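1. build me a model from this:
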Amino acid sequence: MIPVMEREVLLRAEGLYRWYGERCAVAGLDLELARGDVLGLLGPNGAGKTTTLHMLTGNLAPSAGRVTVAGHDLLDAPRAAKAAIGYLPEQPPLYRELTVGEYLRYCARLNGIARARVGEAVRRAMARCGLEGMERRLIGNLSKGYQQRVGIAQAIIHVPPVVILDEPTVGLDPIQIREIRELVRELGRDHAVILSTHILPEVQMVCSRVEIIHRGRIVWSAAMDALERELAAGALLVRLARPPAPEALAGIPGVEAVEPLGEGRFRLRHAAGASPAEAVAEAAVRGGWGLLELTPERRSLEQVFVELTTAEEPGARREAA
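-> Residues are numbered from 1 along each chain as shown. You can find the predicted model right below:
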């Protein structure tokens with residue numbers, strides 16, 4: 001991570017709202033992205049991710065709030081702000097009847113690159129995206145993985161400070177997914193990147209920060225190292241042949257909460273780095289409870305995601321320490 005004093009903030013959203021009639025799709029969303037950040041934006045279908053991305057890229061005006069990109073207000077100076085963004089939507093905007101070179105040259109001119117510099121820009125983008133030697137290939141004849149690479153190449157051809165990728169690995173095979181992940185990591189060294197995805201392990205492998213959106217609000221925000229600490233903080237899974245009342249388990253030193261799971265099984269929650277396993281084992285022997293299982297449980301990002309996005313009402317934005 002870049003030290004706080006040296007963070008160059010490239011994208012900032014403040015109090016974004018978007019209403020569709022009486023339905024609020026995005027409610028009071030704040031977001032900040034600096035050079036070197038790779039932000040994983042997660043959320044279930046209908047959570048407001050796509051609406052958020054459309055507002056951040058200037059494709060949809062917010063009902064309220066402000067977006068600045070590389071110091072340019074997206075509403076007051078839309079051309080300068082949009083020029084600082086590279087965007088790959090979920091469906092890449094490809095022309096299948098063009099060759100890779102023809103398409104990227106077209107995209108370079110659309111992004112205002114001078115004619116004399118178009119060839120250089122195309123070669124650079126193709127090299128970064130692993131497309132060397134494919135300039136004359138028809139896009140329609142490429143595999144989906146290579147089409148995704150072309151889509152990313154068009155997003156970065158003008159070397160924007162901010163790159164936004166919406167589901168860049170959807171529909172790819174495992175080898176293609178690994179290659180796109182490596183490309184996203186490489187982009188994160190020089191750009192500020194937002195990665196919107198449904199693939200949770202992908203976020204842990206690639207991103208430096210995670211935000212979960214639910215019903216239009218950010219309900220979780222954490223740097224990856226803080227997330228790892230949160231996931232490690234956990235619980236013990238206990239199975240007892242002759243289980244006592246939950247109150248007896250709750251009284252064991254170090255146990256913060258008891259969750260009955262049925263058939264003599266319990267989840268005992270405890271503070272990070274303070275496992276009460278030994279105290280639980282001693283209590284089980286003293287009480288004659290018949291200890292059959294005592295194992296640490298490590299939470300997954302999927303569990304955190306499900307807990308936060310299946311609540312009846314989303315809570316306030318939660319920051320992991």
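
2. quick check: phi and psi at residue 31.
-> Main-chain torsions, residue 31, degrees, to the nearest 10: phi -160, psi 140.

3. swap that for residue 124, please
-> Dihedral pair for residue 124: phi -70, psi -50, per degrees, to the nearest 10.

4. got the contact list for it?
-> Neighbouring residues of residue 124 by Cβ atoms under 8 Å, 6 or more residues apart in numbering: 157, 159. The way it works is simple: take the backbone N, C-alpha and C, and place the C-beta from them, glycine included.

5. from residue 117, how far off is it?
-> To residue 117, residue 124 is 10 Å away according to Cβ to Cβ, to the nearest Å.

6. so where does residue 210 fall, helix or strand?
-> Here residue 210, judged by DSSP states H and E, is contained in strand 209-214.

7. residue 178: neighbouring residues, count only.
-> Residue 178 sits with 13 neighbouring residues when counted by other Cβ atoms under 10 Å.

8. helix, strand, or coil at it?
-> Under DSSP: H, G, I helix; E, B strand; the rest coil, residue 178 falls in the helix class.

9. where does the stretch 101-250 of the chain have low pLDDT?
-> Scanning the stretch 101-250 of the chain for pLDDT under 70 picks out the ranges 230, 232-233.

10. in it, which spans are helices?
-> Along the stretch 101-250 of the chain, counting by DSSP state H, counting those that start in this stretch, helices occupy 118-128, 144-156, 174-190, 200-206, 224-232, 246-250.

11. the second one - contacts with which helices or strands?
-> Read that as helix 144-156. On a contact count with 3 or more Cβ pairs under 8 Å, 6 or more residues apart in numbering; DSSP states H and E, helix 144-156 meets strand 85-88, helix 100-110, helix 118-128, strand 162-166, helix 174-190.

12. in the third one, which residues are buried?
-> Read that as helix 118-128. Residues 118, 121, 122, 125, 126, 128 are the ones in helix 118-128 that count as buried (16 or more other Cβ atoms under 10 Å).

13. tell me which two of these sit farthest apart.
-> 118 and 128 (15.9 Å; Cβ to Cβ).

14. wait, residue 243 sits on residue 287?
-> No. Distance between residue 243 and residue 287: 9.7 Å, which falls outside the contact criterion (Cβ atoms under 8 Å).

15. got the contact list for residue 244?
-> Applying Cβ under 8 Å, 6+ apart, the residues near residue 244 are 287, 289.

16. with residue 113 instead?
-> With contact set as Cβ under 8 Å, 6+ apart, residue 113 has these partners: 121, 157, 158.

17. out of those residues, which is nearest to residue 296?
-> Taking the contacts of residue 113 together and measuring to residue 296 by Cβ to Cβ, the closest member is residue 157, at 48.2 Å.

18. ok, that closest one to residue 188 distance?
-> In terms of Cβ to Cβ, residue 157 sits 18 Å off from residue 188.

19. about what we covered before: closest to residue 93 out of the contacts of residue 113?
-> Of all the contacts of residue 113, residue 157 has the smallest distance to residue 93: 12.7 Å, by Cβ to Cβ.

20. could you list the domains of the protein?
-> 1-84+160-231+301-321, 95-150, 234-298 (automatic domain parsing).

21. how long is the shortest one from one end to the other?
-> Yep, that's domain 95-150 we're talking about. Terminal residues of domain 95-150 are spaced 11 Å apart (Cα to Cα, to the nearest Å).

22. how far does it sit from its chain's centre?
-> On the basis of Cα atoms, centre = their mean, to the nearest Å, domain 95-150 sits 27 Å off its chain's mean C-alpha point.
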